[in-house]
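> Okay, predicted coordinates and the sequence, questions at the end:
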Amino acid sequence: MKITNDIKYIGVNDHKIDLFEGQYVVPNGMSYNSYVILDEKIAVLDTVDAKFTDQWLRNISFVLDGKKPDYLIVQHMEPDHSANIAIFAEKFPEAKIVASAKAFVMMKNFFGTDFSQKQIVVGEGDNLLLGKHNLTFVTAPMVHWPEVIVTYDSYDKVLFSADGFGKFGALDVEEDWACEARRYYIGIVGKYGAQVQALLKKAKSLDIGTICPLHGPVLNENLGYYIGLYDTWSSYEPEEDGVVIAYTSVYGNTKKAVENLSQKLRQKGCPKVIVNDLARCDMAEAVEDSFKLSKTVFATTTYNADIFPFMREFLLNLTERNFQNRTVAFIENGSWAPVATKVMKEILEKSKNLKILDTQVKIMSALNDENEKQLDLLANELCEK
């Protein structure tokens, strides 16, 4: 695939994978992106997953058409991008390896060598001149590993963004970018919003016409839209006004309360209502919803003097990714000694800037008239601007 006259895509699509990083469902597969810049000097940017070594090498050979690469630029050391560094070094012994100092330490751990005879160590603002293409390296620590660099080509105005602006899904499948990029961002990078914000500030000084990530499609139109979403996600602000109701239910009574509340919200014209049964839905999708919308209602049962396990998992997924700047409310159920709301609040104590609504629904086994009144009050509060 041609990115520009001199920049070619040599990545691969993976349709055999079912769980990315062993946990994220990827029904449309994944792409592992790699690029070549053809100039007086030739640079390859990143490798691909070990399962696709032969295909990647064929892609390189096809693009180079008998030429030899001068550099391998390693932006990120996760194995789905770095697995073939040693194979590249063996196949192209004259090529230098360009990476951050921390990346070379990781190479020693992964491959038993840091390629000391091939090293070109780069840091913030360092340049690599290929000819007309002048590459500038920008450090991006903890986006989302400590060794990460991104690379800016001033000639073609291309930002090679490492895992930034990545997305679930192979490149030969058409699907909405924002949905799967949001789920990818929150799951993979979401904890590191401050570091993403720092990188976005650096990027503002660059004249960027194209973004080439390590996962997902090359972005070359409406870049303001994509950068704007990254700014929103990394600042932990909601994208839309709306309510997520995340629940677990053992015998159906908590579920009934959730259904009643969602119906009341829709009747009151709440702009968006999403209901997630945490025992059955994709947990990553549920987490994505609560980061996307402005309000979340947590509804669960007291269970073994704690809360139902799927709710605990959900809350931990949120807090591990710095859930904040949201309005929240609670519905609890218990036949004796209910503690669910207390436990949920304790887990959320580490979350910043949460507005907890006054109305709390406390069900003792089954819904009663008082609970219906509480649900009405809660719906009113949730629908307020």
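Perfect, I can see it now.

> Go through stretch 319-339 and flag the buried ones.
319, 321-334, 338 (16 or more other Cβ atoms under 10 Å). From N, CA and C alone the C-beta is placed, and that goes for glycine too.

> Among those, name the ones in helices.
Those of the buried residues of stretch 319-339 mapping onto helices are Thr319, per DSSP state H.

> would you list every one of the helices in the stretch 101-250 of the chain?
101-111, 177-184, 193-203, 223-234 (DSSP state H, counting those that start in this stretch).

> looking at the ones you listed, which is closest to Gln267?
helix 177-184 (27.4 Å; Cβ to Cβ).

> what's that closest one packed up against?
helix 223-234, helix 283-292 (3 or more Cβ pairs under 8 Å, 6 or more residues apart in numbering; DSSP states H and E).

> by contact count, what packs against the last one?
Counting contacts by 3+ Cβ pairs under 8 Å, 6+ apart, helix 283-292 is packed against helix 177-184, strand 240-247, strand 273-277, helix 309-320.

> mind redoing it with 6 Å?
Secondary-structure packing of helix 283-292 (3 or more Cβ pairs under 6 Å, 6 or more residues apart in numbering; DSSP states H and E): helix 177-184, strand 240-247.

> So in that sheet, which strands flank the last one, and in what orientation?
Think strand 240-247. Strand pairing for strand 240-247, determined by DSSP bridges: strand 273-277 (parallel), strand 293-303 (parallel).

> Quick one: distance of the helix or strand just after the longest one to the chain centre.
In other words, strand 293-303. Counting by DSSP states H and E, the element after strand 293-303 in chain order, helix or strand, is strand 306-307. Between the centre of strand 306-307 and the centre of its chain there are 29 Å (Cα atoms, centre = their mean, to the nearest Å).

> and strand 306-307, what's its mean pLDDT?
Averaged over strand 306-307, pLDDT sits at 93.

> thinking again about what came up before, highest mean neighbour count out of the helices of the stretch 101-250 of the chain?
Using mean count of other Cβ atoms under 10 Å, the stretch among these with the largest mean neighbour count is helix 177-184, at a mean of 21.

> Relative to Phe115, which of the buried residues of stretch 319-339 is nearest.
Using Cβ to Cβ, the buried residues of stretch 319-339 come closest to Phe115 at Arg321, 34.6 Å.

> follow-up on the earlier one: let's have the helices and strands packed on helix 283-292 in a markdown table, adding distance to Asn28.
Below are the helices and strands packed on helix 283-292 laid out as a markdown table (distance: least, Cβ to Cβ, whole Å):
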| stretch | distance to Asn28 |
| --- | --- |
| helix 177-184 | 8 |
| strand 240-247 | 24 |
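
> Work out for me the element Glu40 sits within.
Counting by DSSP H and E, Glu40 is held by no secondary-structure element, helix or strand.

> residue contacts, it?
Each residue near Glu40 by Cβ atoms under 6 Å, 6 or more residues apart in numbering is listed here: Gly131.

> Backbone dihedrals for it, please?
Torsion angles at Glu40 (phi, psi; degrees, to the nearest 10) stand at phi -50, psi -40.

> still on that earlier bit, and of the buried residues of stretch 319-339, the nearest to Ser235?
Closest approach to Ser235 among these (Cβ to Cβ): Asn325, at 8.2 Å.

> The closest one touches Glu239, doesn't it?
No. Using Cβ atoms under 6 Å, Asn325 is not in contact with Glu239, being 11.6 Å away.

> Roughly how far does Gln75 sit from Ser249?
Distance of Gln75 to Ser249, given as Cβ to Cβ, to the nearest Å: 45 Å.
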